[in-house]
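# please work out how this folds:
(one chain, ligands or ions: 1)
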Amino acid sequence: MSEVTEQLRRNGSFTDFTCHTEGSVLPLKPTVQDYAWGIRGMDSRVARYALASGAIKEVDPDAPYAELWFGTHEKGPSMLQDGRTLEQAVGGQLPFLFKIISAGKALSIQAHPDKDNARRLNSENPQAYGDANHKPEMAIALTPFEAMCGFRRIEEIAIFIKKHKEFAACISLEAKLAIFMAETEEEKKDALQKMFRSFMTCDPEVSRAQLTLLLQRLQNEQNSIHPHPHDEPAWERKSARAILRLSQQFPDDAGAMSPFFLNYLLIAPGESFFMAANEPHAYVAGEIIECMACSDNVVRAGLTPKFKDVNNLINMLTYTQGGPSIDAGAPLEREPRILRYTPPVPEFEVLILRCGPGEKVYFDNEDEPTILVILQGTGMIDNDMVCHPGRSYFLPSDAAPILFSVPSCKRGSLKVSIARRNLHLSLPTTFSKGKKLRELPEYDYEM
Ligand SMILES: [Zn+2]
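Here you go, the predicted structure:
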């Protein structure tokens, strides 16, 4: 057993919680998903939280710990201490699924269907699409987090087509012409779809051969003493580096070229972005909180050994261009120490509560079934329940407001993530695209 494991054990395991009754806060046991891209062993926050919440008894240093699920989804239902499922305690399904994600390498290029598409996919192929719900999702970074999200502006894609002949060789002449000629919004959407369809359906022998040539050239440029002309912007260099890294993780997968057409982002802890249905994205590395409508429907197209469904993906995407808006949350009016991250969908919003040493912060769940996960620090709930990072709780709809407190002898703040149904639907803090794009001059937005 590692030293950290031992320390977590000494600090108290799942079973030593004070027994709380209905109507108050209840310790919750999440479910671990061990997908191959997860961070391994105790380096993974998912592993540490799983241990602290009693979801696992020990951590295998060689195993990946990818996702921790808090919710009622049948693929990973959460349990209460008394043996009931969360679904039994809620009296039905929660409308959202809350996750902690530790990504050591890239997840597949994917999009999630809207409700109509989800119903159709679920009836046509229930094996691959296990439920009929849509899955808008929101990510909040816990560490610096790299991701690809949404299509680049068409002007950027045109620059890459001109500069990288290997990428150009994977796209039909017709699609390239459409990219260079498009003027109106409709033409741009149409050109993006043509480009994406052409790239995704390119003869795999051609795209593999071109990828090999591209990697050799990019590698040579990286290794040479004067690798880049001085006028090459950072976002172009960073895309090249990203392609080299992705191809190491997924050898021979042309999806490694996707930084040429998807926005490549690095967001800081506390920053967040929202993905509406039908937007292409891929998480690359880092740890996040993720909240989504209760669904596990993923249409994949690359960077994965799993089932790919290129045709459905091509047909369902919206082909909106430009990066997502990056949101840093908004303080609640009655309690500025609670930030809310509110997406434009009714199923969920996420709150981050911060309680400093010597402080007390009330949280009222406003009659909504609510999930709480301790992210950082040590404190008390209602003066009798010690909380540590990774411990998680369920607040039933009839729970009284709870009080978080941190003794003044502690150095750091207690930080708690909270998920519930969206109570601020008319006041979203985040949008899927373009509507609230802000410049981030002080921040290295493009990776
Ligand atoms: Zn996703």
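# gap between residue 388 and residue 201?
50 Å (Cβ to Cβ, to the nearest Å). Using the backbone N, CA and C atoms, a C-beta is placed for each residue, glycine as well.
# the two: which has the busier surroundings?
More crowded of residue 388 and residue 201, by other Cβ atoms under 10 Å: residue 388, with 18 against 14.
# how much space between that one and residue 222?
43 Å.
# same question for residue 412.
40 Å.
# buried residues of stretch 319-334, list them for me.
319-321, 323-327, 329-330 (16 or more other Cβ atoms under 10 Å).
# repeat for stretch 239-255
239-240, 242-243, 245-247, 250, 253-255.
# just stretch 29-49 next, same as before
29-33, 37-42, 44-49.
# do the same with stretch 408-422
For stretch 408-422, by 16+ other Cβ under 10 Å, it's 413-422.
# as CSV, those with pLDDT would be great.
Compiled in CSV, the buried residues of stretch 408-422 are given as follows (pLDDT from 0 to 100):
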residue, pLDDT
413, 96
414, 97
415, 97
416, 97
417, 98
418, 97
419, 97
420, 96
421, 95
422, 94
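# reformat those as TSV; add distance to residue 392.
Shown next, in TSV, are the buried residues of stretch 408-422 (distance: Cβ to Cβ, whole Å):
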residue	distance to residue 392
413	18
414	14
415	14
416	10
417	9
418	11
419	10
420	14
421	18
422	20
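# quick check, nearest of those residues to residue 127?
For the buried residues of stretch 408-422, the closest approach to residue 127 (Cβ to Cβ) belongs to residue 419, at 29.0 Å.
# can you pull out the low-pLDDT segments for the stretch 251-400 of the chain?
The stretch 251-400 of the chain contains no residues with pLDDT under 70.
# where exactly do the strands run in it?
Taking DSSP state E, counting those that start in this stretch, the strands of the stretch 251-400 of the chain run over residues 262-267, 272-275, 281-293, 299-302, 330-331, 338-341, 349-355, 360-363, 370-376, 379-381, 385-387, 392-395.
# mean neighbour count, those: which tops it?
Burial of the strands of the stretch 251-400 of the chain is given as mean neighbour count (mean count of other Cβ atoms under 10 Å); strand 272-275 ranks first at a mean of 27.
# OK, contacts around residue 363?
338, 353, 372, 401-404, 416, 418 (Cβ atoms under 8 Å, 6 or more residues apart in numbering).
# dump the strands of the stretch 251-400 of the chain to CSV, plus distance to residue 63.
Shown next, in CSV, are the strands of the stretch 251-400 of the chain (distance: least, Cβ to Cβ, whole Å):
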stretch, distance to residue 63
strand 262-267, 27
strand 272-275, 28
strand 281-293, 17
strand 299-302, 23
strand 330-331, 38
strand 338-341, 31
strand 349-355, 28
strand 360-363, 34
strand 370-376, 21
strand 379-381, 31
strand 385-387, 26
strand 392-395, 21
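# thought residue 144 was touching residue 269?
Yes. Counting by Cβ atoms under 8 Å, residue 269 is a contact partner of residue 144 at 7.0 Å.
# where do the helices sit along the protein?
With helices called from DSSP state H, the chain shows them at 3-10, 45-52, 86-90, 115-124, 154-163, 165-168, 173-181, 185-200, 204-223, 234-249, 310-316.
# between helix 185-200 and the fifth one, find me the angle.
Using axes from the mean of the first three to the mean of the last three Cα atoms, to 10 degrees, the direction of helix 154-163 lies 40 degrees away from that of helix 185-200.
# same check on the fourth one?
Angle of helix 115-124 versus helix 185-200, following the same axes, to 10 degrees, is 30 degrees.
# any idea how far helix 115-124 is from the chain center?
In terms of Cα atoms, centre = their mean, to the nearest Å, the centre of helix 115-124 is found 23 Å from the chain centre.
# tell me the mean pLDDT over it?
Helix 115-124 carries an average pLDDT of 88.
# cool, the longest one as well?
The predicted model gives helix 204-223 an average pLDDT of 92.
# which ones are touching residue 123?
residue 132.
# no no, residue 255
Counting by Cβ under 8 Å, 6+ apart, residue 255 has contacts 108-109, 246, 301-304.
# residue contacts, the residue most central in space within the chain?
In the chain, the centroid-proximal residue (Cα atoms, centre = their mean) is residue 139; its distance is 4.2 Å. Applying Cβ under 8 Å, 6+ apart to residue 139 gives the contacts 101, 145, 147, 272-275, 283, 288-290.
# now with 6 Å?
By Cβ atoms under 6 Å, 6 or more residues apart in numbering, the residues touching residue 139 are 273, 288, 290.
# excluding chain neighbours, what is closest to it?
residue 288 (4.6 Å; Cβ to Cβ, 6 or more residues apart in numbering).
# the one you found contacts residue 141, correct?
Yes. Judged on Cβ atoms under 6 Å, residue 288 makes contact with residue 141 at a distance of 5.5 Å.
# coming back round to it: now distance to residue 75 too, for the helices of the chain, in a markdown table please.
Shown next, in a markdown table, are the helices of the chain (distance: least, Cβ to Cβ, whole Å):
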| stretch | distance to residue 75 |
| --- | --- |
| helix 3-10 | 27 |
| helix 45-52 | 16 |
| helix 86-90 | 13 |
| helix 115-124 | 14 |
| helix 154-163 | 36 |
| helix 165-168 | 37 |
| helix 173-181 | 37 |
| helix 185-200 | 27 |
| helix 204-223 | 31 |
| helix 234-249 | 25 |
| helix 310-316 | 20 |
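# burial check on the nearest residue to residue 117 once chain neighbours are set aside, number of neighbours?
Of all residues beyond its chain neighbours, the one nearest residue 117 is residue 316 (5.2 Å), with distances taken as Cβ to Cβ, 6+ apart. Counted with other Cβ under 10 Å, residues neighbouring residue 316 total 21.
# distance-wise, check residue 316 relative to residue 337.
Residue 316 is 40 Å from residue 337, by Cβ to Cβ.
# equivalent analysis for residue 398, please.
25 Å.
# compare those two (neighbour count), which wins?
residue 337 (17 against 11).
# ok so, going back, show me which pair in the contacts of residue 255 is furthest apart.
246 and 301 (13.7 Å).
# what about residue 224, neighbour count?
Residue 224, neighbours per other Cβ under 10 Å, totals 9.
# ditto for residue 204
For residue 204, using other Cβ under 10 Å, the count is 11.
# for the closest residue in space to it that isn't next to it in sequence, give its distance to residue 222.
Once flanking residues are discounted, residue 204 sits nearest to residue 254: 7.4 Å by Cβ to Cβ, 6+ apart. Distance, residue 254 to residue 222, by Cβ to Cβ: 20 Å.
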